[in-house]
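[1] Sequence plus predicted model, see below.
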Amino acid sequence: MTLVLEPRHANAICRHGEADYPAEACGLIGGTVDGDRKVAVQLVPLANQRTATARKRYFIDPESFRRAQEKLDRDGLDVIGVYHSHPDHPAAPSAFDREHAWPWLSYVIVGIGRGRAAQLKSWTLSDDRAAFAEEPITFEERKIVWQ
Amino acid sequence: MAVTVLIPTPLRGYVGGRDAVQVEATSVGELLERLAGEHAALRTHLFAEDGRLRSFVNVYVNDRDIRHLSQRETPVQPGDTVSIIPSIAGGTAVAADQPRLSHEEILRYSRHLILPDVGIEGQRKLKAARVLLVGAGGLGSPAALYLAAAGVGTIGLVDFDVVDQTNLQRQIIHGTSTVGRPKLESATERIRELNPNVRVETFETRLTSENALDIIRDFAIVADGTDNFPTRYLVNDACVLLGKPNVYGSIFRFEGQASVFYAKEGPCYRCLYAEPPPPGLVPSCAEGGVLGVLPGIIGSIQAMEAIKLILGAGESLIGRLLLFDALKLQFRELKLQKDPDCPVCGTHPTVTELIDYQAFCGIGAEPSYSGAEITAEELEAEWQKNPDLLVIDVRDPHEYQIVHIDGAVLIPLGELPTRLGEFDGHREIVTHCHHGARSLKALEILKGAGFSKVRSLRGGIDAWAVNVDPGMPRY
């Protein structure tokens, strides 16, 4: 599938990663599914719950996930992805990311080098959980249709 | 009527795109089994290899987490709603990227493996770790040995020196058989012998502003075992710029210090010492001496701190300066504050790249002493012709007791300014010390006081022992 992000989403993910540096920042991506496109509509920034080791881990607990999901549901949106930052590491998933990953979701990772956002990439887990594959990102401004 | 199972978005693809399915079951365990039975591709995402529910799969029965109910025994009835709720975890710490341990390693590290704070996972972190030791000397020796023994996978060593007989009193990684050979060779052999699983990466160079970033960049932790201020500031600044922790240790005579400077989480060396001391104020170990066991203690503390950082265990010395006094056998601790005005790690840093640390520490343009120095052979010849020549030994009395040149007058450098009246300004004077540095300071004092015919023995009593009197012991 392809992840469709608006430039403002990518920007917001980078700023969140920079603001929480050197800890990892994380949040959920709400959106809709349109054929083989996951279209991001709204970001839900979350507090990283794994505070003791927040420099190298992030954790979104089920309660936070549930609240976010309910909120998105009211807007007719689903959780289509997760974003997190890798302080001083590349924007590639670690083995730990893979072991804890859900299928189908877009895992957007932004690498933060010395406090500055560098790369932003999206990854999805393979069905057999064996690997993460990079997922194409399309940047589109959402057209607002007045009816 | 069956139980409704709400399927989160990531799993909908495995149940035909639906957001809810109906399952007949009386317990959560049975329900999940049936679900995975009907939709086989779901199984690997819900259950780990050992059959347990994956840690990030949370199951709620009517809004209550089964962890607070009866786990998989939690009963369900027709009409109940069961939700599968993701928790999301991840991060850069790479548990499974870490190398596996061989049978030999499991046996070798068994005393670590049974420690709750280390265990297999911790030992694998150690194996994956890369620690750079700057200096394979007094501090670097015990640090390298303990890190190697502990199973740190890669140890980097920076040194450009050769093993000298005078090193062996404290630099326990080297040995009598390696005197005269490069320290890196000697240290690598010893580490291999101790633990062949350790990879040693050597950098036979002086650490400089030109190469420091490239060398340090590839390591996760730096342990500073340097004996001079320019390199200490260089290591500090490079670590701040690269975001690496710097495990610091220093020793002098009977006292030592240790800390962990990690600008991301606490102060750096410059927050503690913004400016270096004036050159010459703090003698080196070669000038001031050091008790051989002391670097063993401080270097071992550095190894311990590096290992704790790798394991993420305990409380590190970040923000604390440990002071050790061997004679009193006392450890004291000072709390260190991050300095917001620190030129390198403060809020508005002025040092944003590596600078000239020799100049920063006031070393550099060495004053020219051409004509002011005399070699040992020249001194011997002149002294024979002119027995009136005054040779002043400016070393400390306890050095004089080790060995001295017959006929030389002992006036320690510190006493010299107050004892100028003891000698005749018209005599030829030659000052000497151990290696020729303090005698140059003495020369400046004498010249400043009006003595004109003063020279300094180049290479000190050591050169005299080598070139004039081979029967004399060297130290």
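    Okay, I see it. Treat the numbers as computed from the prediction; the structure is a model and nothing was measured.

[2] which residues does residue 38 contact?
    Unless you meant another one, I'm taking chain A. A:Met1, A:Thr2, A:Leu3, A:Val4, A:Gly31, A:Thr32, A:Ile80, A:Gly81, A:Ser106 (C-beta atoms under 8 Å, 6 or more residues apart in numbering or on different chains). Using the backbone N, CA and C atoms, a C-beta is placed for each residue, glycine as well.

[3] wrong chain, I was asking about chain B
    B:Val23.

[4] ok, so of the contacts of A:Lys38, who is nearest chain B?
    Of all the contacts of A:Lys38, A:Ile80 has the smallest distance to chain B: 6.5 Å, by C-beta to the nearest C-beta.

[5] Tell me where the model's unsure across the chain.
    Here I'm looking at chain A. A:49-55, A:143-147 (pLDDT under 70).

[6] switch to chain B, that's the one I care about
    Low-confidence regions of chain B, defined here as pLDDT under 70, cover residues B:93-97, B:280-281, B:284-285, B:364-370.

[7] Within range of chain A, give me the residues from it.
    Neighbours of chain A within chain B, by C-beta under 8 Å from any C-beta of the partner chain: B:8-14, B:41, B:44-45, B:55-56, B:58, B:60, B:65, B:83, B:85-97, B:243, B:264-265, B:312.

[8] could you pull out the helices for the stretch 151-300 of chain B?
    With helices called from DSSP state H, counting those that start in this stretch, the stretch 151-300 of chain B shows them at B:183-194, B:212-217, B:229-242, B:269-272, B:285-288, B:293-311.

[9] From B:Val247, how far out is the residue nearest to B:Pro99 when sequence neighbours are not counted?
    Distance criterion C-beta to C-beta, 6 or more residues apart in numbering or on different chains; nearest residue to B:Pro99, sequence neighbours excluded, is B:Lys127 at 4.9 Å. Distance of B:Lys127 to B:Val247, computed by C-beta to C-beta, to the nearest Å: 19 Å.

[10] between the two, who's got more neighbours?
    Taking other C-beta atoms under 10 Å in any protein chain shown, B:Lys127 and B:Val247 do not tie; B:Val247 has more neighbours (32 against 23).

[11] Skip the chain neighbours and tell me the closest residue to the more buried one.
    In space, B:Val247 is closest to B:Ala223, 4.4 Å off (C-beta to C-beta, 6+ apart).

[12] What residues does that neighbour make contact with?
    Taking C-beta under 8 Å, 6+ apart as the test, what B:Ala223 contacts is B:131-134, B:139-140, B:143, B:246-247, B:249, B:302-303, B:306.

[13] hang on, B:Trp464 packs against B:Leu457?
    Yes. The pair B:Trp464 / B:Leu457 is scored as a contact, 6.9 Å apart, by C-beta atoms under 8 Å.

[14] what are the ranges of the helices in chain A?
    Along chain A, counting by DSSP state H, helices occupy A:7-20, A:62-74, A:95-99.

[15] and what of the stretch 301-450 of chain B?
    So, for the stretch 301-450 of chain B - with DSSP H, counting those that start in this stretch - the helices run B:357-360, B:376-385, B:397-402, B:438-448.

[16] one step back: B:Trp464 and B:Leu457 - which one has more neighbours?
    B:Leu457 (29 against 24).

[17] Which members of the contacts of A:Lys38 additionally contact chain B?
    Answer for the contacts of A:Lys38 near chain B (C-beta under 8 Å from any C-beta): A:Ile80.

[18] any chance of the contacts of A:Lys38 in a markdown table, with distance to A:Ile137 and neighbour count too?
    Below are those laid out as a markdown table (distance: C-beta to C-beta, whole Å; neighbours: other C-beta atoms under 10 Å in any protein chain shown):
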| residue | distance to A:Ile137 | neighbour count |
| --- | --- | --- |
| A:Met1 | 11 | 17 |
| A:Thr2 | 7 | 15 |
| A:Leu3 | 5 | 26 |
| A:Val4 | 8 | 22 |
| A:Gly31 | 13 | 25 |
| A:Thr32 | 16 | 15 |
| A:Ile80 | 12 | 25 |
| A:Gly81 | 10 | 27 |
| A:Ser106 | 8 | 24 |
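
[19] nearest to B:Asp339, of the contacts of A:Lys38?
    A:Gly81 (41.2 Å; C-beta to C-beta).

[20] residues contacting that closest one?
    A:Leu3, A:Leu28, A:Ile29, A:Gly31, A:Lys38, A:Ala40, A:Leu105, A:Ser106, A:Tyr107, A:Val108, A:Ser122 are the contacts of A:Gly81 under C-beta under 8 Å, 6+ apart.

[21] Let's see that with 7 Å instead.
    Neighbouring residues of A:Gly81 by C-beta atoms under 7 Å, 6 or more residues apart in numbering or on different chains: A:Leu3, A:Ile29, A:Lys38, A:Leu105, A:Ser106, A:Tyr107, A:Val108.

[22] biggest separation within those residues, which pair?
    It's A:Lys38 and A:Tyr107 that sit farthest apart of the contacts of A:Gly81, by C-beta to C-beta, at 11.7 Å.

[23] Could you pull up phi and psi at the closest residue in space to B:Val344 that isn't next to it in sequence?
    Leaving aside its sequence neighbours, B:Val344 sits nearest to B:Val351 (C-beta to C-beta, 6+ apart; 4.3 Å). Backbone torsions for B:Val351, taken as degrees, to the nearest 10, come to phi -100, psi 110.

[24] now do B:Ala143
    The phi/psi pair for B:Ala143 (degrees, to the nearest 10) is phi -60, psi -50.

[25] hmm, back to that, shared neighbours of B:Trp464 and B:Leu457, anything?
    Shared contacts of B:Trp464 and B:Leu457, counting by C-beta under 7 Å, 6+ apart, come down to B:Ala376.

[26] roughly how far apart are A:Pro103 and B:Ile297?
    To B:Ile297, A:Pro103 is 53 Å away according to C-beta to C-beta.

[27] ok now do B:Arg458, which residues does it touch?
    Neighbour list for B:Arg458: B:Glu373, B:Ile374, B:Thr375, B:Gly436 [criterion: C-beta under 7 Å, 6+ apart].

[28] gap between the first one and chain A?
    If I follow you right, that is B:Glu373. Distance of B:Glu373 to chain A, computed by C-beta to the nearest C-beta, to the nearest Å: 48 Å.
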